[in-house]
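Q: what shape does this take:
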Amino acid sequence: MTTPRWTSTSDPYVTPGAGDAWANEAAARGRTGTQQLLGVETLTPETPIRTALALGEEGQAVVRRRLILEDDQPVELADSYYPFWLASGTPLAENRKIRGGAIAVLAQLGHTAATITEHITARQPTEAQRTLLDIGADEPLLVMRRLSRNTDGTPVEYVVTHTVSRLSPGFTYSYSGSTPGGSAPCSAAVRT
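A: Residues are numbered from 1 along each chain as shown. Below is the predicted model:
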């Protein structure tokens, strides 16, 4: 069994006020974590994303596309989708970086994530992904899909990341449930 390169939690990525979660995570390992905003656009997303965000057949979303780097090396592509009704007219729809991140904007709008669901798969990269991540055709990607819902259950963010598998420690999940009379069950994802 190999020793993990690092352990990470999803909490800072969905908690307002955590700052730049990736920069902080990389800094904790003595690395430099940065992001390049590749673009922001309004579109009709693919069916699985429309379904997850409860957008309907022709529903629009704002997508923020980013290239995630560690020590200037591309490690991940991250696309964050927001329902158009929520993102329109906010910094989420502007083609610029957001001070405090998108999670801070969601919180300011009254849509803090209360329920998080993550789904992990793996697949080979597309040609566009190979170019952006500077990897070969046989280099698999870990694909994480995260749906965040606010306190009333409304979907407010859908994130899709494609991470170069050899540069990732993988994903290990740790769950903690409620006790009789306690709060609703919760879970935390941990990359190890």
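
Q: run through the protein and note the low-pLDDT ranges.
A: Applying pLDDT under 70 to the chain flags residues 1-19, 169-192.

Q: can you rerun that using 50?
A: Applying pLDDT under 50 to the chain flags the ranges 1-4, 6-7, 177-192.

Q: and the helices in it?
A: 11-14, 21-28, 47-52, 84-87, 101-108, 127-133 (DSSP state H).

Q: ok, the most centrally placed residue in the chain - contacts?
A: The centroid of the chain falls nearest to V159 when counting by CA atoms, centre = their mean (4.1 Å). Residues in contact with V159 (CB atoms under 8 Å, 6 or more residues apart in numbering) are 78-81, 144-146, 148. The C-beta positions use only the backbone N, C-alpha and C, and glycine is treated the same way.

Q: name the nearest of those residues relative to L106.
A: L106 lies nearest to S148 out of the contacts of V159, by CB to CB, at 7.9 Å.

Q: quick one: residues contacting V160.
A: Contacts of V160 by CB under 8 Å, 6+ apart are 49, 78-79, 81, 143-145.

Q: coming back round to it: of the contacts of V159 - the most surrounded one?
A: Y81 (26 neighbours; other CB atoms under 10 Å).

Q: quick check: that one touching V63?
A: Yes. The criterion here is CB atoms under 8 Å, and Y81 meets it with V63 at 5.0 Å.

Q: what touches both of these two?
A: P45.

Q: excluding covalently adjacent residues, which one is nearest to G136?
A: R130 (6.9 Å; CB to CB, 6 or more residues apart in numbering).

Q: burial check on the one you found, number of neighbours?
A: There are 16 residues near R130, going by other CB under 10 Å.

Q: if we can go back for a sec, any chance of the contacts of V159 in a markdown table, plus distance to G110?
A: What follows is the contacts of V159, written out as a markdown table (distance: CB to CB, whole Å):
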| residue | distance to G110 |
| --- | --- |
| A78 | 24 |
| D79 | 24 |
| S80 | 18 |
| Y81 | 19 |
| M144 | 26 |
| R145 | 24 |
| R146 | 20 |
| S148 | 14 |
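
Q: which one of those sits closest to P45?
A: Once CB to CB is applied, the member of those that ends up nearest P45 is Y81, at 5.8 Å.

Q: OK, contacts around the closest one?
A: Neighbouring residues of Y81 by CB under 8 Å, 6+ apart: 45, 49, 53, 61-63, 157-160.

Q: out of those, who's the most crowded?
A: E157 (27 neighbours).

Q: so what pairs up with the closest residue to it other than its chain neighbours in the strands?
A: Distance criterion CB to CB, 6+ apart; nearest residue to E157, sequence neighbours excluded, is S148 at 4.3 Å. Assessed by DSSP bridges, S148 has beta-bridge partners I116, E157.

Q: wait, what's in contact with S148?
A: 14, 106, 113, 115-116, 155-159 are the contacts of S148 under CB under 8 Å, 6+ apart.
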